[in-house]
Structure formats: structure tokens, C-alpha cells
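Peer 1: My questions are about this predicted structure, shown below with the sequence.
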Amino acid sequence: MRNVERKEQVAKKEPAKKRGKERQYTDAELLEAVRKHHNLTSSEWRKQKIKPSVRAISKRFGGWKAARKKAGIVEKEKGGK
């Protein structure tokens, strides 16, 4: 019985470990990060390994451009117009 109890205790503790998972950010934290680094493209953001990740931001808001729009960043039109 003791081995079973021990396995149950270990199993309960396992999910608490963060193995490669990002911490949870609030919408406000994500948008603030986007505003802070507004001059970076998603590729530049990834290369610099800025947290929160592009993936986390994109997942929350439905895409990188959608997150930038929600943060109030106006995209320049292509062709310099």
C-alpha cells in the first residue's frame, strides 16, 4: 500500500512543475510587451528571445497583426503610402 500512496503523491506533484511551458500572462501584460517592442517584427522578436513569446501573444489574440492592432499599433501601408 505504501508504494501506491507514494506514487499518488508523486503524480499529484508532477503537474506543478513547469517543463518547457511558458508562464501565463494577462492580456494587459502581453499588450504592454507588444507596445514596448513595437518597432520589432515577429522574426526579430523571436531572434532576440523576448518574453512573452510571439507564439503566446499570437495564440491569445489570434495572430501577430491582430495583437499589434489590439495594442494600438498602426501598421504602415506597403509601398510607403
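Peer 2: Arrived safely.
Peer 1: Counting neighbours, what do you get for residue 60?
Peer 2: By other C-beta atoms under 10 Å, 17 other residues sit near residue 60. For the C-beta atoms, the positions are set from N, CA and C on the backbone; glycine is no exception.
Peer 1: could we number from 23 for the rest of this?
Peer 2: From this message on, residue numbering opens at 23, which makes the last subject residue 82.
Peer 1: thought it was touching residue 52?
Peer 2: Yes: between residue 82 and residue 52 a contact is recorded at 5.8 Å, counting by C-beta atoms under 8 Å.
Peer 1: Please identify every residue contacting each of those two.
Peer 2: residue 89 (C-beta atoms under 8 Å, 6 or more residues apart in numbering).
Peer 1: per-residue pLDDT, residue 96?
Peer 2: If you check residue 96, the pLDDT there is 87.
Peer 1: Okay, it and residue 73: tell me how far apart.
Peer 2: Residue 96 sits 25 Å away from residue 73, going by C-beta to C-beta, to the nearest Å.
Peer 1: remind me which residues of this protein are low pLDDT?
Peer 2: Residue ranges of the chain with pLDDT under 70: 23-44, 101-103.
Peer 1: Break down it into its helices, ranges please.
Peer 2: Residue ranges of the helices in the chain, as given by DSSP state H, are 24-35, 49-58, 64-69, 76-83, 86-92.
Peer 1: Next, format these as TSV and append distance to residue 100.
Peer 2: Below are these laid out as TSV (distance: least, C-beta to C-beta, whole Å):
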stretch	distance to residue 100
helix 24-35	52
helix 49-58	21
helix 64-69	16
helix 76-83	21
helix 86-92	13
